[in-house]
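Colleague: Got a predicted structure plus its sequence, pasted below:
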Amino acid sequence: MRTLLSLVAIVVLVVVGLMYFGIINIDQTRPGVVQAPKFQADVAKVTLGTENKTVAVPTINVEKPANSQAPN
């Protein structure tokens, strides 16, 4: 029971924080008289894109030593 209340409190705090920073804006668009009230939520829009670039990458060469024996 305590865990459930903690989770509900965390969710409420996250929603309040998002509303404070303007990421979520909830407006009541129809008054709640007999019917259930209607809400409209405007949320932030995120766009992602890609672009091609040429990047210089260093090369690594490994040279094996000649067939010499290790000192004893």
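Modeller: Cool, got the structure. Numbering: from 1, shown residues only.
Colleague: Now Asn52: which helix or strand?
Modeller: Per DSSP states H and E: Asn52 is located in neither a helix nor a strand.
Colleague: any idea how far it lies from Pro58?
Modeller: 20 Å (Cβ to Cβ, to the nearest Å). No exception for glycine: its C-beta is placed from N, CA and C like everyone else's.
Colleague: what residues does the helix or strand encompassing Asp42 touch?
Modeller: Asp42 is part of strand 38-43, with elements assigned from DSSP H and E. With contact meaning Cβ atoms under 8 Å, 6 or more residues apart in numbering, strand 38-43 is reached by 23-30.
Colleague: Need the buried ones from the residues you listed selected in ChimeraX.
Modeller: Here is the ChimeraX command that selects only those of the contacts of strand 38-43 that count as buried (16 or more other Cβ atoms under 10 Å):
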select :24
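Colleague: Let me have the contacts of strand 38-43 in a markdown table, extended by distance to Val14 and secondary structure.
Modeller: A markdown table is the format used below for the contacts of strand 38-43 (distance: Cβ to Cβ, whole Å; DSSP: H, G, I helix; E, B strand; the rest coil):
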| residue | distance to Val14 | secondary structure |
| --- | --- | --- |
| Ile23 | 10 | coil |
| Ile24 | 10 | strand |
| Asn25 | 15 | strand |
| Ile26 | 14 | strand |
| Asp27 | 20 | strand |
| Gln28 | 21 | strand |
| Thr29 | 24 | strand |
| Arg30 | 26 | strand |
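Colleague: Using PDB, write out every CA atom in the lowest-mean-pLDDT helix or strand in the chain.
Modeller: Counting by mean pLDDT, DSSP states H and E, the chain has its least confident helix or strand at strand 24-30, which shows a mean of 78. C-alpha atoms of strand 24-30 as PDB (Å, rounded to 0.1, in the frame of the first residue of the first chain):
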ATOM      1  CA  ILE A  24       2.400  19.900 -21.000                       C
ATOM      2  CA  ASN A  25      -0.500  22.300 -21.200                       C
ATOM      3  CA  ILE A  26      -4.000  21.000 -20.200                       C
ATOM      4  CA  ASP A  27      -7.000  23.200 -20.900                       C
ATOM      5  CA  GLN A  28     -10.600  22.400 -20.200                       C
ATOM      6  CA  THR A  29     -12.500  23.000 -23.500                       C
ATOM      7  CA  ARG A  30     -16.000  22.000 -22.500                       C
END
